[in-house]
Structures are given as C-alpha cells and as structure tokens.
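> here are the coordinates; sequence isn't available:
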C-alpha cells in the first residue's frame, strides 16, 4: 500500500492542510510520499521533507506549475500517481479544482471530503450539509481522495528526514493562462488555521459595523469570518465566508455574532470545540449548536464584551 499526498503551498511555505492530509494518509497504512508542484518552491520541499512519516518528497519545479493551473497540475498528478495505490489532497479550493480532473484521467471515481478512514477502501464523508454521514466503499484499484482537513489532527511539522527528488515531467496543456490575482493581506491568523474565529452575519447590518469585531479579534488573536448572507449582501469579501460553500473551520473557539445559523453556515463551523452565539432572536437555530448563547443586541453586547476581555 502506497499513498501520494499532494502538497498545498504557495511556492514559499507548506500549508498546514498538508499536515492534516498526511495524518489521513497514515490511517491508510503503507508508504507515504508528497508531491509538490510549483515554481521556486525549494523551501516548500525542505519543509515537506521534515514531516514525520514521509518517505520521499517529489518536486516538480517548473514555470508551468507556478500558479498551479488545474489543466497542467492534473496531468502531472495523474502521471506520478501511476505508481501509487492512493492519491490524497486536502479539500481546499485549489485541490478541489484539479483533483476531479485527476480522477477522470485515471478513470476512477473521486471520494470527496472524507472525515474518517474506516479501512483502506471504506471512508466516511458528510452529505446534506453535514446532516448525514455517508459510509463509502470503493472497489477502484486506485483511490483518488480529498480530505476535510478539520477532521484530522495534523502531524508534527518537524522530526522527519525524507529524501527529495526532482520530477522532470512538464505538462502545459495550453488551455488556460494566469492573468492576475488579488490577494487579501491581513496581520490576523489565517481563517482556516486560526484557533479562535469570530464571525459576523446579516445582523451586522453593514460592512462598516464589522469593525466592531476588530477589537475583540485583536485581544483574542482571532481570525474574522462571515456568513454567506453577509457576503452576499456585500458587507465583506467572499474570502471571509465560513460555510458549506465557503471555508470549513474547526477552531478551539468560534464566536457567531448576528448569525441565524442556517444549515449552510453550520456545515462550515459546527465541529468547533466551543461555540458562542450572540443573537437577539432567542429562537435562532444557532443556539441549538452553541455551547454558550447570549440573547442580546450585538451593538450593545460587543462593546461590553471587548471591555471585559
């Protein structure tokens, strides 16, 4: 049994999602290798080689992989995967872009967003926004799998000593090209890896009122998120969205402010260790999953909360 893990990275650093995916791969048993597709990604390879339990790091360092275009990366992964029983990648937006293509190229079904490994061919995954957990058994000789990273505790980032090998395969499908990107920069922790998240919903009323969350977030070293309703209303940018169609988070503490608790949002945060809800509607569904609930006007509660922290 051998498993190829596709690294999540930005060409300069290895993302924590990779460590969670390695943890899932370990439950499958056998040898684990990591594939890095990028450009100028030497530091990423060094970090990956230090991950315990990894035998080999394969590095495809070429300009055609710099922006990890799905058409190019999928062909590379499919080629390298020929020698492995399993191909695992974190269920991040980037990997969700190319992994279905990998499955199609290998002519197998993809097993998406797994939250548990029952055996080498049987997995658990959420459906219906997490209200039902499906147990899926695959008869495919090669498994193509994406991993819900919040369901697996990441392995340590250091302690391993894997070898690093270059992959010379260059795949330029010529079907797409990188034009530009707008990267949101923040001094706050990354939303998907923060230990504390405070999110605002439609109850915030407008984007200006999201500043009420800043002081609390600063004191708690928290990331700031939002519900889909707040994003759709234009209060904040969509990179802050938590939910089934946004980012899946499972911090130690999740504070939901002015969020009703629609199924779409709960699917993205209900695995948080402690959930605190602030809402003036005592019948809001969010209180059904909250460990602590405060029925209050958020415009009065937030300043008081900030002053008490």
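Cool, the structure landed. Just so we're clear, the structure is a prediction, and the values are computed from it rather than from any experiment.

> how much space separates residue 9 from residue 57?
12 Å (C-beta to C-beta, to the nearest Å). All C-beta atoms are positioned from the backbone trio N, CA, C, and that covers glycine.

> overlap in contacts, these two.
By C-beta atoms under 8 Å, 6 or more residues apart in numbering, residue 9 and residue 57 have these common neighbours: residue 36.

> where does pLDDT dip in the stretch 51-200 of the chain?
184 (pLDDT under 70).

> run the last query once more with 90
128-131, 174-175, 177, 180-190, 192-193 (pLDDT under 90).

> and the helices in it?
Here the stretch 51-200 of the chain has its helices, by DSSP state H, counting those that start in this stretch, at 70-80, 93-106.

> ok, now which ones touch the residue nearest in space to the middle of the chain?
The centroid of the chain falls nearest to residue 92 when counting by C-alpha atoms, centre = their mean (4.4 Å). Residue 92 makes contacts with 8, 15, 17, 149, as judged by C-beta under 8 Å, 6+ apart.

> scan those and report the most crowded one.
Within the contacts of residue 92, most neighbours by other C-beta atoms under 10 Å means residue 149, with 27 neighbours.

> got the phi and psi for the nearest residue to that one once chain neighbours are set aside?
Among residues not flanking residue 149 along the chain, residue 20 sits closest, at 3.7 Å (C-beta to C-beta, 6 or more residues apart in numbering). With angles defined as degrees, to the nearest 10, residue 20 sits at phi -70, psi -40.

> ok, residue 20 to residue 142 distance?
From residue 20 to residue 142 the distance is 22 Å (C-beta to C-beta).

> who has more neighbours, these two?
Neighbours were counted for residue 20 and for residue 142 using other C-beta under 10 Å; residue 20 has more, 23 against 17.

> follow-up on the earlier one: among the helices of the stretch 51-200 of the chain, which is the most enclosed?
Stretch with highest mean neighbour count among those: helix 70-80 (a mean of 21; mean count of other C-beta atoms under 10 Å).

> span of stretch 224-233 from start to end?
This stretch, stretch 224-233, spans 17 Å end to end (C-alpha to C-alpha, to the nearest Å).

> in that stretch, what's buried?
224-231, 233 (16 or more other C-beta atoms under 10 Å).
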